[in-house]
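> Need the 3D shape of this:
(chains A, B and C)
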Amino acid sequence: MSKTATGRFFEDFQVGQTLRHATPRTLNAGDASLYSALYGARFAVQSADTFAQNLGYPRAPLDDLLAFHVVFGKTVPDVSLNAIANLGYAEGRFLKPVYPGDTLSAQSQVIGLKENSNRQSGVVYVRTQGANQDGETVVDYVRWVMVRKRDAAAPAPPAVAPSTAARVGPETLGGACPMVRGYDFGLAGSPHRFGDYRAGEKIDHVDGVTVEESDHMLATRLYQNTARVHFNQLSEGQGRFGRRLIYGGHVISLARALSFNGLANAFHIAAINGGRHVAPLFAGDTVFAWSEILETAELPDRDDVGALRVRMVATKNRAAADFPLRDGEGYDPSVILDFDIWVLIPR
Amino acid sequence: MSKTATGRFFEDFQVGQTLRHATPRTLNAGDASLYSALYGARFAVQSADTFAQNLGYPRAPLDDLLAFHVVFGKTVPDVSLNAIANLGYAEGRFLKPVYPGDTLSAQSQVIGLKENSNRQSGVVYVRTQGANQDGETVVDYVRWVMVRKRDAAAPAPPAVAPSTAARVGPETLGGACPMVRGYDFGLAGSPHRFGDYRAGEKIDHVDGVTVEESDHMLATRLYQNTARVHFNQLSEGQGRFGRRLIYGGHVISLARALSFNGLANAFHIAAINGGRHVAPLFAGDTVFAWSEILETAELPDRDDVGALRVRMVATKNRAAADFPLRDGEGYDPSVILDFDIWVLIPR
Amino acid sequence: MSKTATGRFFEDFQVGQTLRHATPRTLNAGDASLYSALYGARFAVQSADTFAQNLGYPRAPLDDLLAFHVVFGKTVPDVSLNAIANLGYAEGRFLKPVYPGDTLSAQSQVIGLKENSNRQSGVVYVRTQGANQDGETVVDYVRWVMVRKRDAAAPAPPAVAPSTAARVGPETLGGACPMVRGYDFGLAGSPHRFGDYRAGEKIDHVDGVTVEESDHMLATRLYQNTARVHFNQLSEGQGRFGRRLIYGGHVISLARALSFNGLANAFHIAAINGGRHVAPLFAGDTVFAWSEILETAELPDRDDVGALRVRMVATKNRAAADFPLRDGEGYDPSVILDFDIWVLIPR
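Okay, the predicted model is just below:
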């Protein structure tokens, strides 16, 4: 048995299989600081212990996406080392806050497999849970990814495509958010609350940020995500793009940080309804973001926060003032991310 | 009311206005480590809990400039999002040490306004206080900045230019420095103490450091400073310089870290008397620094430390062995920073 | 006496001299996070408090090499500011774990001096100890370095070349490793234990990582290593290589992190038997690594872990599948590091 992991190929997966992922990771104050330095997010809840404590948190929680990326990173050696593309997400739920000092580990179940017609690859669907040191699930999500076959001639299992919800039901949201009292809108940087947003409203987040090779590699290593396409210019220089591909999650975090300007009080991502990495991002590109409010929802038995369903779109090398999205049948060539989330915001 | 902040223009300010800035920020050990990685400062007090405790601190304080940059960053969305240039500083005082775990917030008063004769812009003078979670002011300073007008035809308020002190009085220094006992000069890296420095003495700090895009953007995001000129190559590429402009505070911290070589025991910046960002810095440039001792002062009722008033000059792409400063009426073209501070050093 | 340190030259050293190095440094959770972001190591013991505690550690220890680099960094101003090359290591032993919150300081003894025949430089041998805040030595090693003479005509001391052991005796290993119980191989990412490795076995660590200027400068500043060749493009552009030279320790850490893929359970470096920085690394280069098991050894009175003596080789811009090492009398031109260590791994 080779001591070197080369990752599973499509024909190595079986529906029903449980993958227990390696390398538990204690997140701490240093990770919070690095996350700040990498994205510059300004949400007050995650920035200040005092602000979080005034609301009812024991201390400032870590950014939801930091927890997500760390859990995602653990799945890479078992799921996507031989991936061609990360295709989609569904049914993502943030169930418990993650604090500095918490240790995250992860496992996944294979819930679907579908060979591509060219027989060179297939789609693997996994449901992943990230848990803390007490065994509580902090994040749970489905993703699907296109994985190479080792041998095109290998027989394919019967196709199983799981059905996933079009969106997470808003009535299930809020487990990772304590009852919020005493939210200081002035200190948070914006007066806009739940009732100020309307379905159909679009918001240009204005600012742009240029990404460097060091930035995305630091981030991706922080998440212990080892996918080779992000790190090895020698091999990627010979590959599809001729360049290192930036981890898609880096784009999500950049867009989320940019979205502060317009959604400053939407302090918590409660769910990921879906998402597509529409096009790749490379170092030197400048990322912009805009959002559309798809839906607003009250939460049962909660008068403190409401939920906004937000389509968060990221573009590259094109400002988002005119909300670029479609171009005929497909996406506008500037669009790199089309992400659908529920965020919570004080009422 | 637009949900997206675009910043105040010159005509939006009023003398007497108080601006309460957003996003309180808990600084922690991770910020200290990142600050180390960004600048490589070697002052023993800020580097080691044991060394600081021997002196009388409860633990190693954070670098004075880290606290300054974080406070400064908070003012940007309210003061300088539409700034053309950061013109000067005065009356900066460090009043309390900042420790990991402290949460900083900030507010500013508009203390002066002066339209430029071209009517396109004007100078805004603010006095800013950064406070910790106990409401104690940790840093207090005046800065003035040139801000664009939204509309050149907008009427200007009567000109008010505040008078600021030429220097902070040495008799007011030392609030952020406990009574220092048992300072170990050997362990700190230099035998030179207060009495070894003379007014008029010039010190070349010898070393140079080249700055990369990732470095300054990581730093500036760490400070939650969102000024767009630092991040967006797509827009800056079309702008004045064709490049991203490096945050002036990054230069201050680089020069301060370089100044260890020659001022190793000047462990605390007690005051900022004044300062000018003489010319812009860009990625790829190499920064050097030199200092002139302008003045030495004993502190009332303190036999432990004395104060050196230091002119700290940073240059780019030119070593500082011959102390570049003036070129006729103006500055030598290599000079990027002319900074005037009080530092404390054991007697 | 100049206030600016310019470093010792060869003729400034004396055999028997003790150098007490400056700047004690408290390592904390932020340093652990940055180390993760810089190298992406995935060893479970250093990644998770829970995993470490299950084994018998009070919490996750810091990476052995982080402690090594910090101690090494302290020696630079006293030993190698005028170095031409870092020639070798021997008798390196990791004696105590280092935890977040520990403060490291360092001292060295000059144990050998040998002028080069060209009289322009000479070899300085030092034995260095890094100690924690309780005065316990955590790491102890010999290194030798070629140092310039200030004046070629200066008389040289009699040559003293210390004899160093070819390898650290395995019977002395393990001081920094508690008795390990309950090691979870699944969670650690690999089933391979002590008994699965054989002397003579070679392992290609497969992955490659491209290094950027920001990465290595952040790392080297984190270690407070001030050697100018790493930072100053203006002067290095005129120098031997025309470029900034990457700190050799950065290569060691990159190779160690890559070696996880093949040596996932070899969680602790117990000793450095020897090592050579065979060729320089520059930004833009891609680093690979492979290992050869030179020897396996049981430890006296320990049934929990065994020791593997590993030759860890790093290459640049060439994958290591065919284990590049020699080319005639010398090294293959791709080889940049030839390192000989003892690692501990559960039995």
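> all contacts plus neighbour counts: C-alpha atoms, from now on.
Fine.
> and the closest residue to chain B within chain A, which of the three is it?
Nearest residue of chain A to chain B, counting by C-alpha to the nearest C-alpha: residue A:30, 3.7 Å away. Three-state assignment for residue A:30 (DSSP: H, G, I helix; E, B strand; the rest coil): helix.
> C-alpha coordinates for the helix or strand encompassing residue A:336, PDB please?
If you go by DSSP states H and E, residue A:336 is part of strand A:335-346. This file holds the C-alpha atoms of strand A:335-346, laid out as PDB (Å, rounded to 0.1, in the frame of the first residue of the first chain):
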ATOM      1  CA  VAL A 335     -19.300  36.700 -13.400                       C
ATOM      2  CA  ILE A 336     -17.300  34.300 -11.300                       C
ATOM      3  CA  LEU A 337     -19.700  33.400  -8.400                       C
ATOM      4  CA  ASP A 338     -23.400  33.000  -8.100                       C
ATOM      5  CA  PHE A 339     -24.200  32.300  -4.500                       C
ATOM      6  CA  ASP A 340     -27.500  32.000  -2.700                       C
ATOM      7  CA  ILE A 341     -27.500  32.400   1.000                       C
ATOM      8  CA  TRP A 342     -29.700  33.300   4.000                       C
ATOM      9  CA  VAL A 343     -28.300  36.000   6.200                       C
ATOM     10  CA  LEU A 344     -29.700  37.100   9.500                       C
ATOM     11  CA  ILE A 345     -30.200  40.800  10.400                       C
ATOM     12  CA  PRO A 346     -31.700  42.600  13.300                       C
END
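> Quick one: mean pLDDT for that strand?
Strand A:335-346 comes out with an average pLDDT of 98.
> so where do the strands sit in chain A?
A:18-20, A:25-26, A:83-94, A:103-115, A:121-131, A:137-148, A:202-204, A:209-210, A:268-277, A:286-299, A:302-316, A:326-327, A:330-331, A:335-346 (DSSP state E).
> Out of these, which gets nearest to chain C?
Comparison of the strands of chain A against chain C by C-alpha to the nearest C-alpha identifies strand A:25-26 as nearest, at 4.5 Å.
> Tell me if that closest one is near chain B.
No: against chain B, strand A:25-26 shows no contacts by C-alpha under 8 Å from any C-alpha of the partner chain, the least distance being 13.9 Å.
> For residue A:339, name its beta-bridge partners.
residue A:275, residue A:312 (DSSP bridges).
> Any idea how many residues pack against it?
Using other C-alpha atoms under 10 Å in any protein chain shown, residue A:339 has 22 neighbouring residues.
> what does residue A:276 give?
16.
> From residue B:23, how far off is it?
31 Å (C-alpha to C-alpha, to the nearest Å).
> Packed most tightly, which of the strands of chain A would that be?
strand A:25-26 (a mean of 28; mean count of other C-alpha atoms under 10 Å in any protein chain shown).
> Which strands border that one, and is each parallel or antiparallel?
Using DSSP bridges, strand A:25-26 pairs in its sheet with strand A:103-115 (antiparallel).
> Between strand A:137-148 and the partner strand, find me the angle.
Per axes from the mean of the first three to the mean of the last three C-alpha atoms, to 10 degrees, the angle that strand A:103-115 makes with strand A:137-148 is 40 degrees.
> for stretch A:109-127, what is the average pLDDT?
97.
> With stretch A:10-19 instead?
For stretch A:10-19, mean pLDDT is 97.
> Of all the residues in it, which ones are buried?
A:10-11, A:13-15, A:18-19 (16 or more other C-alpha atoms under 10 Å in any protein chain shown).
> What residues does the stretch 1-150 of chain A have near chain C?
A:3-5, A:20-26, A:28-31, A:33-34, A:103, A:133.
> just the buried residues of stretch A:10-19 now: which is nearest chain C?
residue A:19 (10.2 Å).
> residues in contact with the closest one?
Residue A:19 makes contact with A:78, A:107-110, according to C-alpha atoms under 8 Å, 6 or more residues apart in numbering or on different chains.
> Return the residues in contact with the nearest residue to residue A:9 once chain neighbours are set aside.
Residue nearest to residue A:9 in three dimensions, not counting chain neighbours: residue A:149, with 5.1 Å by C-alpha to C-alpha, 6 or more residues apart in numbering or on different chains. When contacts are counted by C-alpha under 8 Å, 6+ apart, residue A:149 touches A:9-11, A:119-122.
> If you tally nearby residues, what's the number for residue A:193?
Neighbours around residue A:193, by other C-alpha under 10 Å: 18.
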